[in-house]
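Visitor: predicted model, plus sequence, below.
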Amino acid sequence: MRYTIAEIANALEAEAVGDSDMVVTGLSEPGQAGPEDLALASNPKYAKTLASGSAQAALLWADADWEALGLKAAVLPQRPRFAMSRLTTMADPGQGFGSGIHPNAVVDPTARLGADVTVGAGAVIGPEAAIGDGSVIGPLSYVGWRASLGPNAYLREHVSIGAYVHVGANFVANPGARIGGDGFSFVTPEKSGVEAVRESLGDQGEATGQPWARIASLGAVAIGDDVEVGSNSVIDNGTIRPTTIGNRTKIDNLVHIGHNCVVGEDNLLCGCVGLAGSVTVGNFVVMAGQVGISDNLTIGNNVVLAAASKVLSSVRDGKVMLGYPATEMKTNLDMFKNTRRLPRILRDVAELKKAVFKSGTND
């Protein structure tokens, strides 16, 4: 990284103040910043630690008094946290995968590679696969038979893209992501105890143990543009139709998306989220860590599911849910408060009983 303050401000659509020709060569937290670093002091709390370092320039906030902080230059964005998105991208040196096709990569002769594609050591590109222009296939990654990746795909190391999977432009997959595994679909010759339990909500009836028969997954996965998938996350193939992920959806680490799910656009799925089969998710949904959703449910648009919520029924547009089973957050918090009050209420009832019975004895 080597940019002037003016170049950074221009890229961030922010104001440059002070010595805008000053060159910075790295980013740093304020307290550890050196004289050639741009200190990331995006709010007054962080700015207090500038004195512990030796920064001469910093990323601050729109109306910051940069001179009072002892700086020679500053970048003043309207929304500092949003500015961090572009700034960190500018500073990212990449993974050192190089360029071109590594001699230890295996590329099937029927595969179609666009312009400026990088294929790392040990990577495998299967028959009739299609890789878009400018894509990077990291070391030891795999792209299966007739799979397709749009332009500027970026697969880190050990990423697996199964047969027939279709991915749009600007896809990012972090280490260990697995796209296109078979769905977890099994069935018994006769009605199983599990089916009876679902119908009765607790009674298996006279069901006996039976072997499970596998239902093959024929539907693959279809992913839109600008989607990111975190490390060790998995998206299963659909049974007949594809499992689908909409444009600009971001998926964190250790997320499981089951077969036949339909996930809309601009969603955020945080770590350890699990979607059972055939879940439908709208747009602009946020699922915090460890959210679990039962199969065949529908989650509406603009829904927020708080951490560790377990969703056992469909959720309407705009709802904020919490708990197990997930209920509206305000209701859930009221229930929690009331539960905490129970010991005191029980003590009060016991005292009242004593007083009533004592009063009755005296009569």
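Guide: Everything's here; your move.

Visitor: the nearest residue to residue 106 once chain neighbours are set aside pairs with what?
Guide: Nearest non-adjacent residue to residue 106, counting by C-beta to C-beta, 6 or more residues apart in numbering: residue 124, 4.7 Å away. Using the backbone N, CA and C atoms, a C-beta is placed for each residue, glycine as well. Following DSSP bridges, residue 124 is listed with bridge partners residue 106, residue 142.

Visitor: i'd like the first residue to be 438 from this point on
Guide: Fine by me, first position is 438 from now on; the one you just mentioned is residue 561.

Visitor: and residue 561, what does it touch?
Guide: Applying C-beta atoms under 8 Å, 6 or more residues apart in numbering, we find residue 561 in contact with 542-544, 578-580.

Visitor: just name the closest of the residues you listed to residue 527, please.
Guide: Of all these, residue 527 sits closest to residue 578, with 25.7 Å by C-beta to C-beta.

Visitor: how many neighbours does that closest one have?
Guide: By other C-beta atoms under 10 Å, 24 other residues sit near residue 578.

Visitor: okay, now the nearest residue to residue 458 once chain neighbours are set aside: neighbour count?
Guide: The spatially closest residue to residue 458, leaving aside those adjacent along the chain, is residue 441, at 5.6 Å (C-beta to C-beta, 6+ apart). By other C-beta under 10 Å, 17 other residues sit near residue 441.

Visitor: quick one: residue 441 and residue 455 touch, right?
Guide: No - using C-beta atoms under 8 Å, residue 441 makes no contact with residue 455, being 11.6 Å away.

Visitor: against residue 667, how distant is residue 519?
Guide: The gap separating residue 519 from residue 667 is 21 Å, by C-beta to C-beta, to the nearest Å.

Visitor: so which of these two has more stuff around it?
Guide: residue 667 (20 against 12).

Visitor: per-residue pLDDT, that one?
Guide: Reading off the confidence values, residue 667 has pLDDT 98.

Visitor: check contacts around it.
Guide: Neighbouring residues of residue 667 by C-beta under 8 Å, 6+ apart: 611, 614, 688-692, 708.

Visitor: also residue 483?
Guide: Contacts for residue 483 (C-beta under 8 Å, 6+ apart) come out as 466-467, 477.

Visitor: redo that, cut-off 7 Å
Guide: Residue 483 makes contact with residue 467 under the criterion C-beta atoms under 7 Å, 6 or more residues apart in numbering.

Visitor: ok, residue 755 next?
Guide: Applying C-beta under 7 Å, 6+ apart, we find residue 755 in contact with 737, 739-740.

Visitor: wait, a helix at it?
Guide: No - counting by DSSP: H, G, I helix; E, B strand; the rest coil, residue 755 is not found in a helix; it is coil.

Visitor: and it, how close does it get to residue 765?
Guide: Separation of residue 755 from residue 765 (C-beta to C-beta): 11 Å.

Visitor: roughly how far does residue 586 sit from residue 551?
Guide: Taking C-beta to C-beta, one finds residue 586 at 9 Å from residue 551.

Visitor: swap in residue 558?
Guide: Residue 558 is 20 Å from residue 551, where distance means C-beta to C-beta.

Visitor: and for residue 743?
Guide: Counting by C-beta to C-beta - residue 743 and residue 551 are separated by 42 Å.

Visitor: tell me which stretches of the stretch 538-687 of the chain form helices.
Guide: Along the stretch 538-687 of the chain, the stretches classed as helices by DSSP state H, counting those that start in this stretch are 630-637.

Visitor: okay, now the unreliable bits of it?
Guide: Applying pLDDT under 70 to the stretch 538-687 of the chain flags no residue at all.

Visitor: ok, residue 484 - contacts?
Guide: Contacts of residue 484 (C-beta under 7 Å, 6+ apart): 467, 478, 497, 506.

Visitor: and residue 697, which of the three is it?
Guide: What three-state DSSP gives for residue 697 is coil.

Visitor: relative to residue 711, how far out is it?
Guide: Here the criterion is C-beta to C-beta. By it, residue 697 lies 15 Å from residue 711.

Visitor: what about these two, which has more around it?
Guide: residue 697 (25 against 18).

Visitor: can you name the residues that contact the more buried one?
Guide: Contacts for residue 697 (C-beta under 7 Å, 6+ apart) come out as 675-676, 678, 680, 714-715.

Visitor: adding distance to residue 532 and neighbour count, write those residues out as CSV.
Guide: Formatted as CSV, the contacts of residue 697 follow (distance: C-beta to C-beta, whole Å; neighbours: other C-beta atoms under 10 Å):
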residue, distance to residue 532, neighbour count
675, 32, 24
676, 36, 19
678, 35, 14
680, 28, 30
714, 34, 19
715, 36, 18
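
Visitor: and these, which is closest to residue 535?
Guide: residue 680 (33.0 Å).

Visitor: specify the beta-bridge partners of the closest one.
Guide: In beta-bridge terms (that is, DSSP bridges), residue 680 pairs with residue 658.

Visitor: that one touches residue 673, doesn't it?
Guide: Yes - counting by C-beta atoms under 7 Å, residue 680 touches residue 673, with 6.1 Å between them.
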